[in-house]
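Visitor: Got a sequence here, can you model it:
(one chain, ligands or ions: 1)
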Amino acid sequence: MKNLKIIEFDEIGKEGTGYLTAIESNISIPFGIKRVYYIYGVKNNISRGFHAHKKLEQILICISGSVKIKSTDGINEDMIELNTPTKGLYIGPFVWHEMYDFSDNAVLLVIASDYYDESDYIRNYSEFISYRKF
Ligand code: TYD
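Guide: Okay, here's the model as predicted:
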């Protein structure tokens, strides 16, 4: 699906002494970083998201635990489980996404290309379909 892809990050270190993963703006990811936020404390029966963005690009990384992400461009649908700190999911503009099945203690880190702007959100699915450009 356009504007949806997995990005693998390097794991530096070894078993026992532990690992480190670094993410550099415009190098490990295809945009400059303006905002970082994280989602945590989500009960297993709760789904979040249910929106798309007009311009925003984001990378979702489940740095602890696991979570499932269902995405659609209005035609194609994809389900991806994020369950390791080395796997990122790039979500670009006009991808409707839902986050669900959070494990206990899941922490979903999100790296974003811009500041928070409610006017960039499309929160209504039929409006999303009417906006759809691909
Ligand atoms: P929202 O993006 O709807 O969360 P989710 O997609 O995970 O369901 O945001 C939830 C609330 O948090 C909403 O009131 C907007 C606010 N918010 C900020 O203030 N800053 C941010 O960077 C984000 C992402 C959300």
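
Visitor: quick one: least confident helix or strand in the chain?
Guide: Here the helix or strand of the chain ranked lowest by mean pLDDT, DSSP states H and E is helix 125-131, holding a mean of 94.

Visitor: That one: how far from the chain's middle?
Guide: Centroid displacement of helix 125-131 relative to its chain, using Cα atoms, centre = their mean, to the nearest Å, is 20 Å.

Visitor: Pull out the buried residues from it.
Guide: Neighbour-count burial for helix 125-131 flags Phe128 (criterion: 16 or more other Cβ atoms under 10 Å). The way it works is simple: take the backbone N, C-alpha and C, and place the C-beta from them, glycine included.

Visitor: Any figure for the gap between Glu77 and Leu4?
Guide: Going from Glu77 to Leu4 by Cβ to Cβ, to the nearest Å gives 10 Å.

Visitor: what residues do the two have in common as contacts?
Guide: Here Glu77 and Leu4 have Ser71 as joint contacts, going by Cβ atoms under 8 Å, 6 or more residues apart in numbering.

Visitor: how many neighbours does Met99 have?
Guide: A count of nearby residues for Met99, using other Cβ atoms under 10 Å, gives 23.

Visitor: for it, which residues make a bridge with it?
Guide: Beta-bridge partners recorded for Met99 (DSSP bridges): Arg48, Ile69.

Visitor: Next, work out how far apart it and Ile129 are.
Guide: Taken as Cβ to Cβ, the span from Met99 to Ile129 is 20 Å.

Visitor: higher neighbour count, Glu77 and Leu4?
Guide: Between Glu77 and Leu4, counted using other Cβ under 10 Å, the more crowded position is Leu4 (18 against 11).

Visitor: Tell me the spacing between the more buried one and the ligand.
Guide: 16 Å (Cβ to the nearest ligand atom, to the nearest Å).
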